[in-house]
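[1] sequence unavailable; structure follows:
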């Protein structure tokens, strides 16, 4: 597996009338590639999978695969309410040239630990694409404990974990338990993350949107080159947008996560459209806050 570094979970560009927009998507993908991203996550939470129809999710994978296959690792967001739906999406992603899938627990239904294990086992046993397990408490209502994650990580099809628990102690415990078993993503690009990555290893960050461009990918490039001060400077900008745009639970302060990022891309001159209902676009006050942060980060 060559998954490492900064892999943004991209937004899904829509046209002004709210349809999936291939032209805006294509331009956005080329910009992300030029900014040095180390891979891409498609159709995840940031990509508003919850408001895409099943046909649109497949169309999105088809468009991205046709443009990016073989150019970067591409990972398909295949979260669904049933394992069979996730398997069906994964099969389409495989046929489009994707390298793996990202999979949260089924949202809303709050499965038990045994049900969660069987969910991942069913998808793993289908042997479609390598799986990155995504522990995403804000979106699923479940913070999977390290012991359950270790059990799931032992499945043949599981190769990575995106650990987005809000508790640093659980992240560190999971990392040291599983770093020899699967690739670990979810490192904060701050002093805590830098210390862990530099001192004990680790694989990367699947961040939101790639809105800071090369500053986010260069955090890892500088780290790998041994230039910790340069990595620290890049990470400070990422930390800035996290602190100013999101709560500690990674919920948007003045709009949903996708809406905040789409407002940021609009400010940067990258048209990706608005968000779909039930989400609403960031208002004028929120846009002013987004622009102020981007100026502080040297992007405007």
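    On my side now, so go ahead. The structure displayed is predicted, hence computed values, not measured ones. Numbers count the residues shown, from 1 in each chain.
[2] I'd like the average pLDDT over the helix or strand hosting residue 221.
    According to DSSP states H and E, residue 221 maps onto helix 214-225. Mean pLDDT, computed over helix 214-225, is 98.
[3] just stretch 186-200 next, same as before
    Computed over stretch 186-200, the mean pLDDT rounds to 95.
[4] kindly report the same for stretch 24-33.
    Mean predicted lDDT for stretch 24-33 stands at 98.
[5] for that stretch, the distance to its chain's centre please.
    Chain-centre distance of stretch 24-33: 16 Å, with Cα atoms, centre = their mean, to the nearest Å.
[6] what's next to that stretch, contact-wise?
    Outside stretch 24-33, the residues within contact range by Cβ atoms under 8 Å, 6 or more residues apart in numbering are 8, 10-15, 40, 60, 63-64, 67-68, 71-72, 210, 213, 265, 270-273. Every C-beta, even on glycine, is put in place using the N, C-alpha and C of the backbone.
[7] what about those residues, which are in strands?
    If you go by DSSP state E, the contacts of stretch 24-33 have residue 40 in strands.
[8] now which of the contacts of stretch 24-33 would you call buried?
    In the contacts of stretch 24-33, burial by neighbour count holds for 8, 10-14, 40, 60, 63-64, 67-68, 72, 210, 213, 265, 270-273, counting by 16 or more other Cβ atoms under 10 Å.
[9] buried sites along the helix holding residue 221?
    For helix 214-225, burial by neighbour count (16+ other Cβ under 10 Å) applies to 215, 216, 217, 218, 219, 220, 221, 222, 223.
[10] was I right to think the third one contacts residue 36?
    Yes. Under the criterion of Cβ atoms under 8 Å, residue 217 lies in contact with residue 36, with a separation of 4.0 Å.
[11] for the closest residue in space to residue 24 that isn't next to it in sequence, what are its contacts?
    Nearest non-adjacent residue to residue 24, counting by Cβ to Cβ, 6 or more residues apart in numbering: residue 13, 3.6 Å away. With contact set as Cβ under 8 Å, 6+ apart, residue 13 has these partners: 20, 21, 24, 25, 28, 271, 272, 273.
[12] of these, closest to residue 260?
    residue 272 (12.3 Å; Cβ to Cβ).
[13] picking up where we left off before, now do the helix holding residue 221: distance to the chain's middle.
    With Cα atoms, centre = their mean as the basis, helix 214-225 stands 17 Å off its chain's centre.
[14] report all helices and strands that that helix contacts.
    Counting contacts by 3 or more Cβ pairs under 8 Å, 6 or more residues apart in numbering; DSSP states H and E, helix 214-225 is packed against strand 5-6, helix 191-200, strand 204-205, helix 228-245.
[15] one more pass at 7 Å, please.
    strand 5-6, helix 228-245 (3 or more Cβ pairs under 7 Å, 6 or more residues apart in numbering; DSSP states H and E).
[16] just name the most buried of the ones you listed.
    With neighbours defined by mean count of other Cβ atoms under 10 Å, none of those is more surrounded on average than strand 5-6, at a mean of 26.
[17] adjacent strands (with direction) for it?
    When pairs are called by DSSP bridges, strand 5-6 turns out to pair with strand 204-205 (parallel).
[18] ok, residue 149 - contacts?
    Residue 149 is in contact with 133, 135, 161, 174, 178, counting by Cβ atoms under 7 Å, 6 or more residues apart in numbering.
[19] pull out the buried positions in stretch 261-278.
    261-268, 270-275.
[20] err, stretch 147-154, not the other one
    For stretch 147-154, the neighbour count (16+ other Cβ under 10 Å) marks 148, 149, 151, 152, 153 as buried.
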